[in-house]
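1. Kindly generate the corresponding structure for this input.
(chains A and B)
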Protein chains: 2
Amino acid sequence: MRYAVLGTGEVGRTLGGRLLELGHEVTLGSRSKDNPVAHEWATAAAGRAHAGNFADAAAAAEVVINAVGGRVALQALEAAGGEHLDGKIVVDVSNPLAIEDGELRLDPVESDSVGERIQRAFPRARVVKTLNTVNCQVMTEPGRVPGEHNVFVCGEDAEAKEQVIVMLGEFGWPAQRVWDLGGIRSARAVEMYLPLWLGLFRRIGNADFNIEVRRAH
Amino acid sequence: MRYAVLGTGEVGRTLGGRLLELGHEVTLGSRSKDNPVAHEWATAAAGRAHAGNFADAAAAAEVVINAVGGRVALQALEAAGGEHLDGKIVVDVSNPLAIEDGELRLDPVESDSVGERIQRAFPRARVVKTLNTVNCQVMTEPGRVPGEHNVFVCGEDAEAKEQVIVMLGEFGWPAQRVWDLGGIRSARAVEMYLPLWLGLFRRIGNADFNIEVRRAH
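-> Numbering: from 1, shown residues only, chains lettered A, B, ... in the order given. As a prediction, this is how the structure comes out:
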């Protein structure tokens, strides 16, 4: 499969690296064509790894992964160009998180979500929100954490969610641990989990954790 | 121990009933002295069960549990009277949740929390936020759900949290499954988990579930 991973931060490089390992072709997209981090990444990875601006990356891809921060996701996808997203799966793993004056802020929060904003801005893209509830190491290697812990998918397009569940399966998430929470509106719920994730992170002292939903029946 | 449980809804009645079972004295508090639900509950429970208005209940108690909805918590506690809360543990199990026109709304959200508002309004009360992340049946009988699933405590007073952890232990929560998330500001994190709880509830179809935090190390 040909993936575009938008964002050259730790999340983007980790997702891109894992997809390469799995045999996929990956373009790491950044704001400018000559982002040194992206080029270094592509050179080190060689073969099926490429670097480009957001538009180059999206144009070449079958699936586009948004791995820039939630607050700049729309800008990055606008730079990628709506025409390069039409009909494609857009996987959004972002959180609208910033620390301002030592305070955690989510924006949007509760009355909207990044997932919904992306779907609204690009109505012909098939947006799936997933993986934002775990650190990027756990995203791509869930076996780091013991137990039958869960991730979630949210989106309007059932077939797109199925295809994302296949990708998650390649990462190591068995299908029964991927819970479909419904339409893209549910992105609000998974984005609002972030403050609890941060509280757990502070208490545990590292990001190698996740939640397992336990049920009686 | 003498408990006041403020609120005669399902949460208040379930918590009150469980505390009675455990041998405590419980006054179920409501807005008016002659709330028929509270009186029926006290009569049926007999012995160490009483009914009264919020002020009667709080005045008689060593520990006050807020089991009214998060959006009316301050009103109920103001009716209880600050002088009846001074120096006492105030356990807040509420969520600031309302459904308006079919939309889930939390108020406050992100920049404040019910837990903080209570602590701010009653600075001499020793507020502990806990249990709001599970249904009242699971609150009082965690064994309904298999696994080592977790609850959280948040508050400024370490000794108050210790005492609440003892109460949770009586309910059936082993101390190692009760995670201290820090000061009362962390109430924001556990209150913002509610939309995810609701998403899981819709998917599972009942409220007998909880999350277990899984960690690598």
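
2. Just the pLDDT for residue A:152.
-> At residue A:152, the pLDDT value in this model is 98.

3. do residue A:44 as well
-> Looking at residue A:44, its pLDDT reads 84.

4. Tell me the spacing between it and residue A:32.
-> 19 Å (Cβ to Cβ, to the nearest Å). From N, CA and C alone the C-beta is placed, and that goes for glycine too.

5. go on, residue A:80?
-> 13 Å.

6. More neighbours: the two, which one.
-> residue A:80 (26 against 11; other Cβ atoms under 10 Å in any protein chain shown).

7. close enough to count as contact, the more buried one and residue A:29?
-> Yes. Residue A:80 is in contact with residue A:29 according to Cβ atoms under 8 Å; the separation is 6.9 Å.

8. Spell out which residues are contacts of both of these two.
-> Counting by Cβ atoms under 8 Å, 6 or more residues apart in numbering or on different chains, the shared contacts of residue A:80 and residue A:29 are A:4, A:6, A:54-55, A:57-58.

9. Does residue A:187 touch residue A:112 like I think?
-> No. The criterion here is Cβ under 8 Å, and residue A:187 misses it with residue A:112 at 9.1 Å.

10. So those two - more neighbours on which side?
-> Using other Cβ under 10 Å as the criterion, residue A:187 and residue A:112 rank with residue A:187 on top: 31 against 16.

11. Using the three-state scheme, assign the more buried one.
-> Look at residue A:187: counting by DSSP: H, G, I helix; E, B strand; the rest coil, its state is helix.

12. check contacts around it.
-> Per Cβ under 8 Å, 6+ apart, neighbours of residue A:187: A:92, A:113-116, A:129, A:154.

13. Kindly recompute the last result at 10 Å.
-> A:70, A:92, A:94, A:108, A:112-119, A:127-130, A:132, A:152, A:154-155, A:181 (Cβ atoms under 10 Å, 6 or more residues apart in numbering or on different chains).

14. Could you measure from it over to residue A:110?
-> Taking Cβ to Cβ as the measure, residue A:187 falls 12 Å from residue A:110.

15. The nearest residue to residue A:204 once chain neighbours are set aside pairs with what?
-> Closest residue to residue A:204 apart from its sequence neighbours, by Cβ to Cβ, 6 or more residues apart in numbering or on different chains: residue B:215 at 5.5 Å. Here residue B:215 sits in beta bridges with residue A:209, going by DSSP bridges.

16. and which of the shared contacts of residue A:80 and residue A:29 is nearest chain B?
-> residue A:6 (25.6 Å; Cβ to the nearest Cβ).

17. That closest one pairs with what?
-> Residues in beta-bridge contact with residue A:6 (DSSP bridges): residue A:29, residue A:66.

18. Just give me the neighbour total for it.
-> Going by other Cβ under 10 Å, the residues that sit close to residue A:6 add up to 28.

19. I'd say it and residue A:26 touch.
-> No. Residue A:6 lies out of contact with residue A:26 (Cβ atoms under 10 Å); the separation is 11.3 Å.

20. so what sits against both of those two?
-> With Cβ under 10 Å, 6+ apart as the test, residue A:6 and residue A:26 both reach A:12, A:57, A:61, A:65.

21. And what about the nearest residue to residue A:130 once chain neighbours are set aside, helix, strand or coil?
-> Nearest in space to residue A:130, with sequence neighbours left out and distances taken as Cβ to Cβ, 6+ apart, is residue A:153 at 4.7 Å. Secondary structure state of residue A:153, per three-state DSSP, is strand.

22. Can you pull the phi/psi pair for residue A:17?
-> Per-residue torsions, residue A:17: phi -60, psi -40 (degrees, to the nearest 10).

23. Enumerate the strands of chain A by residue range, in sequence order.
-> Using DSSP state E, the strands of chain A run over A:2-6, A:25-30, A:49-53, A:63-66, A:89-92, A:97-100, A:103-106, A:126-130, A:151-155, A:178-180, A:209-215.

24. Packing partners of the last one?
-> Right, strand A:209-215. If you count contacts as 3 or more Cβ pairs under 10 Å, 6 or more residues apart in numbering or on different chains; DSSP states H and E, strand A:209-215 packs onto helix A:136-140, strand A:151-155, helix A:194-204, helix B:194-204, strand B:209-215.
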